[in-house]
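Asker: Mind folding the following:
(2 chains)
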Amino acid sequence: MAEGVTPQNEDYSRWYTDVVQMADMADYAPVRGCMVIKPYGYALWENIHDALDRRFKDTGHVNAYFPLFIPMSFFEKEAEHVEGFSPELAVVTVGGGEKLEEPLAIRPTSETIIGHMYSQWIKSYRDLPVLINQWANVVRWEMRTRLFLRTTEFLWQEGHTAHATSEEAVEETLRMLDVYTDFAMNEAAIPVIPGRKSDSEKFAGAINSYTIEAMMGDKRALQSGTTHYMGQNFAKAFDIQYLDQNNELQNCWTTSWGLSTRMIGAIIMAHGDDKGLVLPPRLAPIQVVIVPIYKNDEERVPVMEAADSRFQQLKAAGIRVKLDDRTECTPGFKFNDWEMRGVPIRMEVGPKDVANQSVVLARRDIPGRDGKSFVSWADLETQISELLVTIQKAIFDKALAFREAHTYNVETIEELTKAVDDGFAMAWWCGSRECEAAIKAATKSTNRCIPMDQPGGSGKCIHCGAESTEKAIFGKAY
RNA sequence: CGGGGAGUAGCGCAGUUUGGUAGCGCACCUGAAUGGGGUUCAGGGGGUCGCAGGUUCAAAUCCUGUCUCCCCGACCA
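Answerer: Numbering: from 1, shown residues only, chains lettered A, B, ... in the order given. Predicted structure coming up:
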């Protein structure tokens, strides 16, 4: 733990697990596939939570909470849903020492129980739309787990809405896709591709699923958030019905959408480097860390005084700042320590700086001298605020340039096979399951999505050659 | 779930082949010196070897079972 992480180009997977642990984000729990989210990782999640929650409320949603336990029979009401989720359910069969009459599933997602409640709450067109979100933990018994990316239990938010018309529900589904896109781009600084999932990749029980797909540092794809248009599938299965203006009974149209702690994995892999995390300023638990530098007590007093004043100055300006006053570590140690934790700006305050009434600022995203600047105390909060914005944009641009450099327009299966070894492949696709499956079998890559942003025109399906109007993105995914 | 690897101090490991009662580095504690890129020296604390059972005078070491983690595949947010 004393030295650095495994370099990315040596073993990306190990780099990832090293960073997660050494940056103090999470630790392994004594239960298979479960993790402990440590305070630093949780602080990042809280910022993700706040940034999303704000957006949900701005778009008219409210929060509520539904139970962890769901009667097993609920899963059997929607055919595709039960098929999709049964294999990964954790089920409680004993309570209080007694075998339960009906086993209880621990929620893998809450469409069923929320659908059940909606059927009781919704009576009239005047009750619609219902726009509820919940922040919760869910459990999916996955085969293989990875910290943040796929854990047995994870935290997320799941929005569940019910509408009077198909149009409204579709609109809601796309609106939330926009919300996720906006969040990913502007808060997490991850250039995501919003798109529609193919039939075989969509959510169990949905008519259409949408995703924001991101490219990680190893050029693999990560589905970072999803929204689903359920049509009337769940409304019919759970009797979510209302009386319209003509006193006629109608089924609702429902949606659901979720974004999980996986987003933390996305942030780590989209921006991180061999020195550790690189956090986007808008989400970083600590935006500026102050490292005081002194040789002896004589220097220590004025340096600490100046450092503390800077701390107060930034804090008053609403900047998330930390003063690293540990006496047992050398400055060099602290530099590496905070770089590992991805703090966007390091402020060095030493005797020379005190004499000049200035500080040294070092950017996490630009190593070495190039990322350093000298800033006077006077307008420090302004300079830092601007620098945080600059860094936010810089890491976004860097991630975008990386993705673009590793995205290929391909016209043959051979080209596609080659492309997915080095990123994303964009290809005309006829939309058939057969072609999708064939491509998957031939290239070991999957259809990530059909981007919302289409080039227009038409071309020949990369597999069957049929005239196609949409391009799809293929890649190797997490 | 299939294939491979591994569980010994907080972390990383040696010791296991040839059973004899546990060691190294880092971290931690104390002191001194140091301090603008992972300081140095000295002293010190901490484990009974993933867990359960078995063989034996004796088990980290041999046997059986079990749990967990990592890597690669099939499935998934």
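
Asker: Which residue is the nearest non-sequential neighbour of the residue in the stretch 201-350 of chain A that RNA strand B sits nearest to?
Answerer: Nearest residue of the stretch 201-350 of chain A to RNA strand B: residue A:350, at 2.2 Å (CB to the nearest atom of the strand). The C-beta positions use only the backbone N, C-alpha and C, and glycine is treated the same way. Take residue A:350 and drop its neighbours on the chain: the residue closest to it by CB to CB, 6 or more residues apart in numbering is residue A:293, 3.6 Å away.

Asker: thought the one you found was touching residue A:331?
Answerer: Yes. The pair residue A:293 / residue A:331 is scored as a contact, 4.8 Å apart, by CB atoms under 8 Å.

Asker: who has more neighbours, those two?
Answerer: Legend: neighbour count by other CB atoms under 10 Å for residue A:293 and residue A:331, higher for residue A:293 (20 against 15).

Asker: care to break chain A down by domain?
Answerer: Annotated domains of chain A cover A:12-271, A:288-387, A:407-475 [automatic domain parsing].

Asker: does RNA strand B sit close to the longest one?
Answerer: Meaning domain A:12-271. Yes. Judged by CB under 7 Å from any atom of the strand, domain A:12-271 and RNA strand B are in contact via A:13-14, A:16-17, A:28, A:30-34, A:84, A:87-88, A:140, A:142-147, A:149-152, A:154, A:156, A:203-204, A:211, A:223-224, A:226, A:258, A:260-262.

Asker: Just the buried residues of the residues you listed.
Answerer: A:16-17, A:28, A:33, A:84, A:140, A:145-147, A:149-152, A:154, A:156, A:203-204, A:211, A:223-224, A:226, A:258, A:260-262 (16 or more other CB atoms under 10 Å).

Asker: any idea which helix or strand comes after the host helix or strand of residue A:264?
Answerer: Secondary structure from DSSP states H and E places residue A:264 in helix A:262-271. Remark: after helix A:262-271, the chain's next helix or strand is strand A:288-292, criterion DSSP H and E.

Asker: could you pull out the helices for chain A?
Answerer: A:12-22, A:39-58, A:72-75, A:79-85, A:111-121, A:166-186, A:233-238, A:262-271, A:297-316, A:331-340, A:351-356, A:380-405, A:413-419, A:433-443 (DSSP state H).

Asker: Please state the backbone phi and psi of the spatially closest residue to residue A:467 that is not a sequence neighbour?
Answerer: Counting by CB to CB, 6+ apart, residue A:467 lies nearest to residue A:458, which is 5.6 Å off, once chain neighbours are set aside. Phi and psi for residue A:458, reported as degrees, to the nearest 10, are phi -150, psi 170.

Asker: What is the burial count for residue A:458?
Answerer: Residue A:458, neighbours per other CB under 10 Å, totals 11.

Asker: got a list of what it touches?
Answerer: When the contact criterion is CB atoms under 8 Å, 6 or more residues apart in numbering, the partners of residue A:458 are A:428, A:467-469.

Asker: Could you give the number of residues near residue A:268?
Answerer: 27.

Asker: hmm, back to that, the domains of chain A into JSON lines, with extra columns for distance to residue A:280?
Answerer: JSON lines is the format used below for those (distance: least, CB to CB, whole Å):
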{"stretch": "domain A:12-271", "distance to residue A:280": "4"}
{"stretch": "domain A:288-387", "distance to residue A:280": "8"}
{"stretch": "domain A:407-475", "distance to residue A:280": "22"}
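
Asker: and those as TSV, adding mean pLDDT?
Answerer: Listed next are the domains of chain A as TSV, based on pLDDT from 0 to 100:
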stretch	mean pLDDT
domain A:12-271	93
domain A:288-387	95
domain A:407-475	93
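
Asker: okay, now residue A:123: neighbour count?
Answerer: Other residues lying near residue A:123 total 11 when counted by other CB under 10 Å.

Asker: which residues does the closest residue to it other than its chain neighbours bridge with?
Answerer: Once flanking residues are discounted, residue A:123 sits nearest to residue A:242: 6.3 Å by CB to CB, 6+ apart. Legend: beta-bridge partners of residue A:242 under DSSP bridges are residue A:250.

Asker: Around RNA strand B, pick out the residues from the stretch 251-400 of chain A.
Answerer: Going by CB under 7 Å from any atom of the strand, the residues of the stretch 251-400 of chain A near RNA strand B are A:258, A:260-262, A:275, A:293-296, A:300, A:327-333, A:335-337, A:339-340, A:346, A:348-353, A:360, A:362, A:367-368.
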